[in-house]
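1. next comes the sequence, and after it the predicted model I'd like to discuss.
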Amino acid sequence: MTKVDDELYKCEPIYWKTKISYSGRIFVGYVLLLLFQYFFVSFLWIPALILMPFYYDTLGSRILSALSLIALFTSYLCPIKEWVWARQLGQLWYELFSVSCNLSPTDCRRLVQEGNTDNEINPNKKAKQYIIGIHPHGIVPFHAVLWSAYCNQYLQYEGNSLYGFAGVADACHYVPFLRNLMGWWGAGKASYAPLIAGLRDGVCACVNAANRIPRHLMLLPGGVAEVYTSKMRKHIIVFKQRRGLIKLSIESGAHIIPLYVFGAADYFHNLTTNTQFAAVAALARKLRICMSLFWGPFGLPIPFLPRLTFCVGNPIAPPTEWEGKSTGAPCPPELIEAMHAQVLEEITRVFEKYKVAAGYPDGELEVL
């Protein structure tokens, strides 16, 4: 990584630099960007193509329908399994989005060592386990793919890595093509039971299928709700009433690392933030799927390419002792609230510290 100022470090696509020219990386990266976006909404266009002969019966429509059916069955027949090499693909987006991060090489090394190595001098100081909570979600979370590339490239040291597993909306695992991509990047379901099983016992089917036991978790805690608060040049996160992440941390013993991504809400204009679409937003949150109307440059369904700045906060430790814990008593609400306040305070601190360097000097963080 290259230091760009006193606070940020530019991410370099080391894997691809010797394989593809700069213009080639930009071209291939943008094609992959569009493919990812359309796979993200394939639940819309795949059925439309399959049903095309019923409303527009031509030889071409029949061929498209047949090919779509073949692709659909192929997606569901292919095993969902982590593909380590796929992590390199996100590096092709570094230059498209001018990606930078606040972590120095020393910071990266420290996080990896603390997250994977027990303290030999003090046996009671065990290796930390992390839940990396990324805000905001955005309409299409390209930054989640970028973070997987960053994790794979920079957050590893001497054979240890912070690359664990991810949690994505359950509905993603039923969307053709997207379900396969999620498997490649080691993403399981974001329901509470699979997440706690992954943190406690290293259980995540797509990761285990590749003979790996994950330790850390990456999550977008705002979920589908943040899709409907995503506005260009605005900084809105949904966290004020959410306690699931905190309970997950306390139950597993994992530390929470807040991560704010400047620019993550700037990929698209979003129509469904308007109040007249409140019913659509409510239904989407109920079904835990994205049903948004959005557009990019020239009104087209292609993304803008904002500068992205990953700002990583300090790990927040969960409470480990409370009255009655030894007898199975749950964590008291006041301790849950105290940790929630700590996490929110750290998100706010990181936002305020780096907003000028990230290009948002007048930005204000709104927490819903």
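-> Yep, that arrived.

2. use CA for all of it now, contacts and neighbours both
-> Noted.

3. show me the contacts for A264.
-> The neighbours of A264, taking C-alpha atoms under 8 Å, 6 or more residues apart in numbering as the test, are P136, H137, G138, P141, F142, H143, P306, L308.

4. hey, which helix is longest across the chain?
-> helix 333-354 (DSSP state H).

5. nearest residue to L64 other than its sequence neighbours?
-> With sequence-adjacent residues excluded and distances taken as C-alpha to C-alpha, 6 or more residues apart in numbering, L64 is closest to L49, at 6.4 Å.

6. ugh, typo on my part, it should be H137
-> Taking C-alpha to C-alpha, 6+ apart as the measure, H137 lies nearest to E226, with 5.6 Å between them; neighbours along the chain are not counted.

7. who's in contact with the one you found?
-> Under the criterion of C-alpha under 8 Å, 6+ apart, the neighbours of E226 are P136, H137, G138, I139, I236, I237, V238.

8. one step back: contact partners for the residue nearest to L64?
-> L49 makes contact with S61, L64, S65, S68 under the criterion C-alpha under 8 Å, 6+ apart.

9. how near is it to R62?
-> Separation of L49 from R62 (C-alpha to C-alpha, to the nearest Å): 9 Å.

10. next, count neighbours for the closest residue to M232 other than its chain neighbours.
-> Distances taken as C-alpha to C-alpha, 6+ apart put D266 closest to M232, at 4.7 Å, once the chain neighbours are dropped. Under the neighbour criterion other C-alpha atoms under 10 Å, D266 is assigned a count of 23.

11. for the contacts of L49, give me JSON lines that also has secondary structure.
-> Below are these laid out as JSON lines (DSSP: H, G, I helix; E, B strand; the rest coil):
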{"residue": "S61", "secondary structure": "helix"}
{"residue": "L64", "secondary structure": "helix"}
{"residue": "S65", "secondary structure": "helix"}
{"residue": "S68", "secondary structure": "helix"}
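
12. could you pick out the longest strand of the chain?
-> Longest strand in the chain by number of residues, with DSSP state E as the criterion: strand 255-262.

13. next, the angle helix 333-354 makes with that one.
-> Orientation note: strand 255-262 sits at an angle of 40 degrees relative to helix 333-354 (axes from the mean of the first three to the mean of the last three C-alpha atoms, to 10 degrees).
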